[in-house]
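Engineer: sharing a model prediction with you, sequence too.
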Amino acid sequence: MKKIVLTSMMLGFAVIAGMSRGAAQASADLLQFLPDGNAIIIVDAQKVIASSTWTSLTSQDRFKVIIDKIVENVTELGVKLSDIRTAALVFQSSGWVNPTIAAEGAFNQTELLTRLRASSKVKLTSEKYKDYEVHIASRAQTGGGNTDIAFVFYDTATVVAGSVAGVRASIDAKTGAKPSVARKTSLTGALAETPPAVIRFAMEKIPGLTDRPASADLPLPDFSSIKLVFGTVDLASGINLNATLRNDTIEHAKILADRLNAILGIGKAYLKGSSDPKMAALGNALTTVTVTGSEADVKIVGNLPPEVLALIFR
């Protein structure tokens with residue numbers, strides 16, 4: 001993803017932080033506070049941090065550099081990464097930038113605002129929008145310019161963060177002026193088909209993929225037949241992916257599955273024969289990946305084990 005996405009999410013989580021687990025609010029309830037969009041991601045941050053995969057990754061220097069940067073930005077606001085709880089994200093644009101984030105929990109609004117006002121690296125302002133106080137934290141970026149993250153407190157258990165436009169759209173959804181993503185049955189229905197997991201996702205379009213037909217110049221299948229992508233990512237043992245690619249017709253699903261399996265076979269053979277230990281390890285990991293077709297669905301299941309992750313980030 002682009003740098004702005006990581007920055008936006010990072011600052012958004014920093015705003016959300018400071019919460020302790022109260023009466024848990026269902027992720028479906030969080031969606032009612034999010035504006036309409038074409039992609040939903042629900043993350044149980046506490047389960048991510050508590051997983052053995054997270055522990056393994058944070059012991060690897062290359063991955064640790066990324067995490068330390070996130071922790072540094074969060075710490076500037078006087079909060080801990082471990083304070084972050086379950087969050088639901090919606091993407092309104094096709095470019096995967098500026099997600100709007102809703103989170104549940106119990107937090108001290110006064111204390112959080114006091115920390116932000118006391119920070120030398122964050123300038124805090126606010127504006128009124130439909131009787132709600134929208135706070136805007138502006139942080140200078142390296143190389144010039146500012147990154148703004150807006151947030152609004154709805155009650156003692158709910159906060160929404162994102163761009164100013166995203167937070168305003170959230171308020172429109174909450175007040176009923178515009179529909180929330182919770183009313184988008186294509187996405188919520190797909191989420192309902194996924195089992196409990198650390199990360200659950202549903203999206204109508206993957207920019208640059210599902211909007212791109214097959215090319216005669218590239219040995220890629222025609223992804224433009226995909227109408228919906230949904231599934232889970234778990235961290236019980238490495239990274240476990242379970243994704244469904246729902247196509248417009250059964251015929252297109254069969255063609256897609258056949259071509260993906262052909263590409264998978266080529267990838268396995270090439271990587272396993274590599275003299276580079278990392279590439280060979282990835283090739284072995286690909287043996288766990290299966291691609292199967294069922295009616296209009298193409299299902300992809302696979303696992304990237306802890307030892308392979310450790311090798312990649314070593």
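Structural biologist: Sure, I can see it.
Engineer: secondary structure element holding Ser275?
Structural biologist: For Ser275, there is no helix or strand it lies in under DSSP states H and E.
Engineer: now do the one 10 residues further on
Structural biologist: Element membership for Ala285 (DSSP H and E) is helix 277-285.
Engineer: and the helix or strand that that helix is followed by, what does it pack against?
Structural biologist: Counting by DSSP H and E, the next helix or strand C-terminal to helix 277-285 is strand 290-294. For strand 290-294, the elements it packs on are helix 250-272, strand 297-304, judged by 3 or more C-beta pairs under 8 Å, 6 or more residues apart in numbering; DSSP states H and E. Every C-beta, even on glycine, is put in place using the N, C-alpha and C of the backbone.
Engineer: my guess is Ile199 contacts Phe230. True?
Structural biologist: No. Using C-beta atoms under 8 Å, Ile199 makes no contact with Phe230, being 11.6 Å away.
Engineer: more crowded one of those two?
Structural biologist: More crowded of Ile199 and Phe230, by other C-beta atoms under 10 Å: Phe230, with 25 against 19.
Engineer: please, which helix or strand holds the more buried one?
Structural biologist: For Phe230, the host element (DSSP H and E) is strand 226-234.
Engineer: now the angle from that strand to strand 297-304?
Structural biologist: 30 degrees (axes from the mean of the first three to the mean of the last three C-alpha atoms, to 10 degrees).
Engineer: mean confidence for strand 226-234?
Structural biologist: Mean per-residue pLDDT for strand 226-234: 95.
Engineer: picking that back up, with only the CA atoms kept, save the helix holding Ala285 in CSV.
Structural biologist: C-alpha atoms of helix 277-285 as CSV (Å, rounded to 0.1, in the frame of the first residue of the first chain):
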residue,chain,number,x,y,z
PRO,A,277,17.1,-20.3,0.4
LYS,A,278,14.3,-17.8,0.8
MET,A,279,12.9,-18.5,-2.7
ALA,A,280,13.1,-22.2,-2.1
ALA,A,281,11.3,-21.9,1.2
LEU,A,282,8.6,-19.9,-0.4
GLY,A,283,8.3,-22.6,-3.1
ASN,A,284,7.8,-25.2,-0.3
ALA,A,285,5.2,-23.0,1.4
